[in-house]
Structures are given as C-alpha cells and as structure tokens.
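1. Below are the sequence and a predicted model for it; my questions follow.
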Amino acid sequence: MIRIEGLTKRFGGTAVLNAIDLEIAKGERVVVIGPSGTGKSTLLRCINFLDRPDAGRITVGDISVDATRASRADILALRRATAFVFQNYGLFAHRTAQENIMEALITVQKRPRAEAEAQARRILKEIGLADKADSYPASLSGGQQQRVGIGRAMAIGAQLMLFDEPTSALDPEWVGEVLDLMRSVAAQGQTMLIVTHEMRFAREIADRVIFMEGGRIVEQGPPAQIFDAPQDPRLQRFLARVS
Ligand code: ADP
Ligand code: MG
C-alpha cells in the first residue's frame, strides 16, 4: 500500500538517507528507532516532501512519485495522502485550535469552509478538546497543543500518518494523554509511521520496529524480536544506552 524505493537524501556532500527501501501495509504501525542524527526525521520529511529527496520513488495508494521528476501536482497529491505530526506541534500561533484543524482541509484539500468547520468540530470532540475550539495555542498545555496537532492530521483522513517524536518536547505530565490519543488513532486502523524514543510505547503499539543508523535500516522485525533478541551489535549498543 505504501512503498518507498531507493529513497536518498544528501545535505551538502553527506548522504543522510542511503537508498532506503520500505514497504508498509495498510493498517500497519511501524516504529522507527535509532540514535539522533541518523536520518529518522529526514526519512519522514522526505516521504512528505517537506525535504525534497535527491532520488527514489514514493508510492502511496494510487499516487506514485519519482523524486527526481516530481511536479507540484505530484507533491500536493502526496501531501493529501500523508499527514505529519511534528515534535513541536507546528501549530499556527495566531489561529485557534479549530482554525488550526481547518487549515489543511481548506488549503490542501480545497474543502468548503462550512464542511471544514463541521469536520474540525467533530475532531475536537474526538480529541477531547471541544471546549477549547476557540483557544489559541499559547493558552493550551503542551499536551493539548499536541492533541490539536494530531487532530489536524486525523482531519485530513490521510492514508499514512507520520509522527516525528510527538512526545519528546512535552513535559512528562503531558506524555500520557498524547500516547493515549495515538493508541486511539491506532485502534481505528490508521496506518502509522512513528519515530519515538518511548521504547515501552514502541513495544506496545508497533507491528514492526525499524532500527536506523547512519541513514540505513540496520535491522527490523516485530517488537519482541528487536527488543528481546537484537542481532546487530549497533542495535544491541543502542538498546543498552536507552533502556
Ligand atoms: P534524526 O531525526 O535521526 O535525529 P535527522 O534526520 O534530523 O536525524 O538528521 C540527520 C542528519 O542530517 C544530521 O546529521 C543532521 O545534522 C543532518 N540534517 C538534517 N536536516 C538538515 C538540513 N536541513 N541541512 C543540513 N543538514 C541537515
Ligand atoms: Mg529527528
């Protein structure tokens, strides 16, 4: 359903992603782990064309885009099919919670305003923030802001949701509510690609865990295999450090 082939990205002369191949089945939840600076964010950003890949092909459902030949229309189609949840929420500071959720529906999806508004209100209820519809991000807790960030991604109805360390900017007290919301997104059968340092959560939510280092997938498998029987010494060292 989602296929990434030969995805390559260089910054300056350095290859940050080295011909990554990855297939994700519909409804599958894939968690990416690995040391910092290893290309995890770049992988997610290239899938969404927030960073433009230097080479490779990305296929999401009917949309298939060759990085070297991608047109604006291709990129827009890919952005309609994928949704991004940022580490720092990525909300518009001068827009309310409801307006933040409506934004992508209007600009990316070209939905009529009234329809976008109704959809945003449904989502606000679902993420438990119906009473915060008119609040600006600055008056929300970190946990509430990230729930809006996830709500915005939910509203798009994307085939793939990309989460880049969605809890790592949060005070510990807000982590639980964000993970709970991600669990409920998962329970709806949403296909998810998640970068996280929350190893317990990874073990619980992942169908498959991918360990990346140096812009490559070093090892992957079901959580029990990756966490309890890691093969590659680099993965063994990484797990010893983080657990
Ligand atoms: P991770 O998310 O695994 O911590 P990143 O994907 O953010 O790693 O970064 C991988 C490497 O690419 C790092 O060495 C980082 O410094 C570099 N990098 C990321 N974004 C840029 C950029 N916009 N310009 C130059 N180098 C970058
Ligand atoms: Mg990162």
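-> Thanks, I have it. Residues are numbered from 1 along each chain as shown. Ligands and ions are numbered 1, 2, ... in the order given.
2. what's the span of stretch 227-243, first residue to last?
-> Across stretch 227-243, the terminal residues are separated by 10 Å (CA to CA, to the nearest Å).
3. ok, is it in contact with ligand 1 or not?
-> No. Using CB under 6 Å from any ligand atom, stretch 227-243 never reaches ligand 1; the gap is at least 11.7 Å. C-beta coordinates here come from the backbone N, C-alpha and C atoms, glycine included.
4. That stretch - what's its average pLDDT?
-> Across stretch 227-243, pLDDT averages out at 96.
5. Now that stretch: buried residues?
-> Neighbour-count burial for stretch 227-243 flags Phe227, Pro230, Arg234, Leu235, Phe238, Leu239 (criterion: 16 or more other CB atoms under 10 Å).
6. May I see those organised as JSON lines, with secondary structure added?
-> Formatted as JSON lines, those follow (DSSP: H, G, I helix; E, B strand; the rest coil):
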{"residue": "Phe227", "secondary structure": "helix"}
{"residue": "Pro230", "secondary structure": "coil"}
{"residue": "Arg234", "secondary structure": "helix"}
{"residue": "Leu235", "secondary structure": "helix"}
{"residue": "Phe238", "secondary structure": "helix"}
{"residue": "Leu239", "secondary structure": "helix"}
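7. Please identify which of these is nearest to ligand 2.
-> Of all these, ligand 2 sits closest to Phe238, with 14.6 Å by CB to the ion.
8. Can you say which helix or strand has the closest residue to that closest one other than its chain neighbours in it?
-> Spatial nearest neighbour of Phe238, chain neighbours left out: Pro35 (6.0 Å); criterion: CB to CB, 6 or more residues apart in numbering. Assigned by DSSP states H and E, Pro35 falls within no helix or strand.
9. Assess the claim that Pro35 and Leu235 are in contact.
-> No. The criterion here is CB atoms under 8 Å, and Pro35 misses it with Leu235 at 10.4 Å.
10. The most centrally placed residue in the chain bridge partners, please.
-> Against the mean C-alpha coordinate of the chain, by CA atoms, centre = their mean, the closest residue is Leu162 at 1.6 Å. Here Leu162 sits in beta bridges with Phe84, Leu193, as judged by DSSP bridges.
11. ok, now how distant is it from Ile194?
-> Between Leu162 and Ile194 the distance is 8 Å, computed by CB to CB, to the nearest Å.
12. picking that back up, with distance to ligand 2 as extra columns, can I get the buried residues of stretch 227-243 in a markdown table?
-> Output for the buried residues of stretch 227-243, formatted as a markdown table (distance: CB to the ion, whole Å):
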| residue | distance to ligand 2 |
| --- | --- |
| Phe227 | 21 |
| Pro230 | 21 |
| Arg234 | 18 |
| Leu235 | 18 |
| Phe238 | 15 |
| Leu239 | 18 |
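13. Would you point out the most distant pair within these?
-> The most widely separated members of these, counting by CB to CB, are Phe227 and Arg234 (14.7 Å).
14. For Glu5, give me its contacts.
-> Residues in contact with Glu5, defined by CB atoms under 8 Å, 6 or more residues apart in numbering, are Asp21, Gly56, Arg57, Ile58, Thr59.
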